[in-house]
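**Q** what shape does this take:
(chains A and B)
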Amino acid sequence: MRWTRTFIRTLRQDPADAEVVSHRLMARAGMISKLAAGIYNYLPLGWRSIRKLEAIIREEMERAGSTELLMPAVQPAELWQESGRWFKYGPELLRIKDRHDRDFCFGPTHEEVVTDIVRRTTTSYRQLPANLYQIQTKFRDEIRPRFGLMRGREFIMKDAYSFHASAEDLDVAYRAMEAAYCRIFERCGLEYTKVEADTGNIGGSESHEFMVLAGTGEDAIISCACGYGANVEKAVTGTLESAPEWPLAVPEAPEKVHTPGLKSVEEVAGFLGVAPAHLIKTMVFETDEAFVVALVRGDREVNEVKLKNVLDCTHIQLASEEKIEKVTGGAMGFSGPVGLEGIRIVADPTVMALAVAATGANERDHHLVGVVPGRDFEPDDVADIAMAAAGDPCPRCGKPMTEKRGIEVGHIFKLGTKYSEPMRCTFLDADGAERPMIMGCYGLGVGRTVAAAVEQNHDDHGIVWPLPLAPYEVVLVLLNSDRPEVVEAADALYARMLEAGIEVLYDDRSERPGVKFNDIDLIGFPVRVVVGKRGLENGQVEMSLRRDGEKRPVPLTDAVTAVQELLDTLRAELA
RNA sequence: CGGGGUGUAGCGCAGCCUGGUAGCGCACCUGCCUUGGGCGCAGGGGGUCGGAGGUUCAAAUCCUCUCGCCCCGACCA
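**A** I've put the predicted structure just below:
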């Protein structure tokens, strides 16, 4: 393609609203442009990168035994009412009405539709398993879209769904999808990691996320050299070091101590002369229907996702100051479990492991010292509700774990019968018994993966595309467009490259060299070939790689072969 | 949803406080010049100042409402 025939509009300045690198660079390079909050145009260059990723995804999905189909973006409310998610999903679900005032939604995901397809068509264990995928536009009305393609409201996603007669068979498909995802991200040249994940809104038993490692990632990952890795929402720890020995006397019953204005764990512990780990941090949460008190050791923090799972509720939030006073009778900062009535108390095991502790007295400016868990209060549930942190021991090997940040680009789930049961997606097994199908689902953010690639591969001048995702693999640059002999040589080389099947963009603009080089660096074509009068005088062109910029003179006559060899080398690196 | 900010030419911004001819840089057009890292000179085109209402002789500027967009927070007692 000739540059002057395509549609490339680069920006010299950063758009004012672009915050993260991928958004900034993709906007400046003319790959995307914003239409509304969280809604983007994929301009020709950006679309090429998206399409390249899609091609890789298709290959790997088919290889893993999944078949492509396309389901509608607009879906009838009835299906969502059947699964129960019409009411559960909340405002993220974009609900629309047609002219007859019938309810529809713009699909944020397709479990309902695909389950409907399968239940209408598939009735026997002989027809299972089924594995279907699509690459399609989703809409999720995010609270706060941001970061360009990283968290848009409208976005392109590959979603796959599998249906099985047995849990064992689901496991086979799950492992195949897992392997396909690994291959996809490897083929894109991305540095990624697979971690255990919470199942969140989608539900199910087992779940893994694929994270592209990047400092700007929105997710925290806890991992260990031994191979354990999990989203911080899900991460568990090995046995934590127990609290130091209680340094004070142990009274018969908790003693009330005046602690004026001391709210934080550090302040209280310092004042009392005990360790932060001796305190019971008491947090009041509000769920859909009730208040809940969560207890963690003073040096730990509550993991709201884990707590939510223990409570089996959809929404949870910290109670407001007024509500805390109403529920506990004391001011915020002075809450404790002792004497709390009529409210569910969930304690982390580390709290129950404390021999003696201190905690709030449910009275302004007072704490209780010498509290013995089990003697002075009894929780309703004891469950792991603490946040794992860097330095905590690994649950598998006990070594200290580290924390990294990542961008969630893929998420796979074992759904079980969460959708097949309410939607009556059943089959007859070999004994003629009717059973719900066992399902898995597998998502991959297409736009987000491309954006993550930019986050991971850029420098001061712009994007440095990994070869498989570059909009064009090679850019051929005509430098002296006023010199007929140079134009002639460049045109001829372009023709030879096309003939050789090289994916080349020919920058035939009559711009000054600086303008061209800056645009080219910004867009980030992996291989650059420059035809200019200076080199041509020696019968040479100049070849260079975007990632190192090192200039390699090549005889004009050998240019096509040299480029092909260079591309082969780059491909070999990824294999 | 709460808090803050912002909306002026395609992009990035000034002007607003203190009302009176709408400006700058880049981009764009014409001509000359220039061609290995965002040239130079000269000339030129383009803006309902987000929208509606109000105050005023007069509103980008002051007031009210409204819409869009951005940021921060949904944060640990």
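**Q** which residue lies nearest the spatial centre of chain A?
**A** Central residue of chain A (Cα atoms, centre = their mean): A:E408, 1.6 Å from the mean position.
**Q** how many other residues sit next to A:W80?
**A** Residues contacting A:W80 under the criterion other Cβ atoms under 10 Å number 23. Using the backbone N, CA and C atoms, a C-beta is placed for each residue, glycine as well.
**Q** what residues are up against it?
**A** A:86, A:89, A:93, A:105, A:112 (Cβ atoms under 8 Å, 6 or more residues apart in numbering).
**Q** in which helix or strand does the residue of the stretch 201-350 of chain A found nearest RNA strand B reside?
**A** Residue nearest to RNA strand B within the stretch 201-350 of chain A (Cβ to the nearest atom of the strand): A:G333, separated by 3.2 Å. Take DSSP states H and E as the rule and A:G333 turns out to sit in neither a helix nor a strand.
**Q** find the nearest non-adjacent residue to it, please.
**A** In this structure, A:G333 finds its nearest non-sequential neighbour in A:K263, 3.1 Å apart by Cβ to Cβ, 6 or more residues apart in numbering.
**Q** give me the subset of the contacts of A:W80 lying in strands.
**A** Of the positions in these, A:C105 sit in strands, assigned by DSSP state E.
**Q** now the buried members of the contacts of A:W80.
**A** With neighbours counted by 16 or more other Cβ atoms under 10 Å, the contacts of A:W80 contain buried members at A:86, A:89, A:93, A:105, A:112.
**Q** mind putting these into CSV with distance to A:Q75 and pLDDT?
**A** Below are the buried ones among the contacts of A:W80 laid out as CSV (distance: Cβ to Cβ, whole Å; pLDDT from 0 to 100):
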residue, distance to A:Q75, pLDDT
A:W86, 10, 89
A:Y89, 12, 82
A:L93, 10, 89
A:C105, 6, 93
A:E112, 7, 96
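**Q** circling back: now do the phi/psi pair for the residue nearest to the centre of chain A.
**A** Backbone torsions of A:E408, given as degrees, to the nearest 10, read phi -70, psi 110.
**Q** same check on the one 10 residues further on?
**A** A:K418 has phi and psi values of phi -60, psi -40 when expressed as degrees, to the nearest 10.
**Q** and the host helix or strand of A:R496, average pLDDT?
**A** Secondary structure assignment for A:R496, by DSSP H and E: helix A:484-499. Mean pLDDT, helix A:484-499: 97.
**Q** so for it, what gets flagged as buried?
**A** Judged by neighbour count using 16+ other Cβ under 10 Å, the buried positions of helix A:484-499 are A:486-487, A:489-491, A:493-494, A:496-497.
**Q** neighbours of the nearest residue to A:I8 once chain neighbours are set aside, how many?
**A** In this structure, A:I8 finds its nearest non-sequential neighbour in A:G30, 5.2 Å apart by Cβ to Cβ, 6+ apart. Counted with other Cβ under 10 Å, residues neighbouring A:G30 total 20.
**Q** so what's A:G30 up against?
**A** A:8-11, A:43, A:45-46, A:523.
**Q** among those residues, who's most crowded?
**A** For the contacts of A:G30, neighbours tallied by other Cβ under 10 Å; top is A:I523, 25 neighbours.
**Q** how about that one, nearest residue that isn't a chain neighbour?
**A** A:A29 (4.6 Å).
**Q** cool, and A:P44?
**A** In space, and not counting its chain neighbours, A:P44 is closest to A:F7: 4.9 Å by Cβ to Cβ, 6+ apart.
**Q** quick one, phi psi at A:L505?
**A** phi -110, psi 130.
**Q** which pLDDT value belongs to the closest residue to it other than its chain neighbours?
**A** Leaving aside its chain neighbours, A:L505 sits nearest to A:Y472 (4.0 Å; criterion: Cβ to Cβ, 6+ apart). Per-residue confidence (pLDDT) for A:Y472: 98.
**Q** any idea how far A:Y472 lies from RNA strand B?
**A** Remark: distance between A:Y472 and RNA strand B (Cβ to the nearest atom of the strand, to the nearest Å) = 17 Å.
**Q** so what's the gap between stretch A:502-522 and the chain middle?
**A** 34 Å (Cα atoms, centre = their mean, to the nearest Å).
**Q** swap in stretch A:1-18?
**A** Going by Cα atoms, centre = their mean, where stretch A:1-18 is centred and where its chain is centred differ by 28 Å.
**Q** how about residues contacting the helix or strand that contains A:V305?
**A** A:V305 belongs to helix A:304-311 when assigned by DSSP H and E. Helix A:304-311 has contacts (Cβ under 8 Å, 6+ apart) with A:198, A:200, A:233-234, A:285, A:287, A:292, A:294, A:314, A:316, A:344, A:346, A:381, A:383-386.
**Q** element containing the residue in the stretch 451-575 of chain A positioned nearest to RNA strand B, please.
**A** Scanning the stretch 451-575 of chain A for the residue nearest RNA strand B gives A:G514, at 2.1 Å (criterion: Cβ to the nearest atom of the strand). A:G514 belongs to helix A:513-523 when elements are defined using DSSP H and E.
**Q** from the contacts of A:G30, which are also near RNA strand B?
**A** A:10-11 (Cβ under 7 Å from any atom of the strand).
**Q** pLDDT and secondary structure for the contacts of A:G30 - can I get that in TSV?
**A** Converted to TSV, these look like this (pLDDT from 0 to 100; DSSP: H, G, I helix; E, B strand; the rest coil):
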residue	pLDDT	secondary structure
A:I8	94	coil
A:R9	93	coil
A:T10	94	coil
A:L11	93	coil
A:L43	94	coil
A:L45	96	helix
A:G46	96	helix
A:I523	97	helix
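**Q** pick the one among the contacts of A:G30 closest to A:V450.
**A** Ranked by distance to A:V450 (Cβ to Cβ), the contacts of A:G30 are led by A:G46 at 7.6 Å.
**Q** mind checking how far the closest one is from A:R528?
**A** 20 Å (Cβ to Cβ, to the nearest Å).
**Q** who touches stretch A:495-506?
**A** Contacts of stretch A:495-506 (Cβ under 8 Å, 6+ apart): A:1-3, A:6, A:471-476, A:478, A:490, A:494, A:525, A:559-560, A:563-564, A:567.
**Q** mind checking how far the residue nearest to A:I8 is from A:W3?
**A** For A:G30, the distance to A:W3 - Cβ to Cβ - is 11 Å.
**Q** could you do A:I438 as well?
**A** 52 Å.
**Q** among the two, which residue is more densely surrounded?
**A** Per other Cβ under 10 Å, whichever of A:I438 and A:W3 has more neighbours is A:I438, with 26 against 21.
**Q** for A:V560, helix, strand, or coil?
**A** helix (DSSP: H, G, I helix; E, B strand; the rest coil).
**Q** what about it, neighbour count?
**A** Around A:V560 there are 19 other residues, counting by other Cβ under 10 Å.
**Q** okay but it is in contact with A:L493, surely?
**A** Yes. Using Cβ atoms under 8 Å, A:V560 is in contact with A:L493, at 7.5 Å.
**Q** host element of A:V563?
**A** Counting by DSSP H and E, A:V563 is found in helix A:559-574.
**Q** list the buried residues in that helix.
**A** A:559-560, A:562-563, A:566-567, A:570.
**Q** sorry, back to before: so the residue nearest to A:I523 touches A:T10, yeah?
**A** Yes. In this structure A:A29 lies within contact range of A:T10 using Cβ under 8 Å: 6.0 Å.
**Q** now for those two: what residues contact both?
**A** By Cβ under 8 Å, 6+ apart, the residues touching both A:A29 and A:T10 are A:522-523.
**Q** that older thread, can you lay out the buried ones among the contacts of A:W80 as TSV showing distance to A:E421?
**A** Output for the buried ones among the contacts of A:W80, formatted as TSV (distance: Cβ to Cβ, whole Å):
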residue	distance to A:E421
A:W86	17
A:Y89	18
A:L93	21
A:C105	22
A:E112	13
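**Q** just those residues: which are in helices?
**A** A:86, A:112 (DSSP state H).
**Q** mind listing the helices for the stretch 201-350 of chain A?
**A** A:265-272, A:304-311, A:321-328, A:349-352 (DSSP state H, counting those that start in this stretch).
**Q** and those helices: which comes nearest A:Y181?
**A** helix A:304-311 (22.5 Å).
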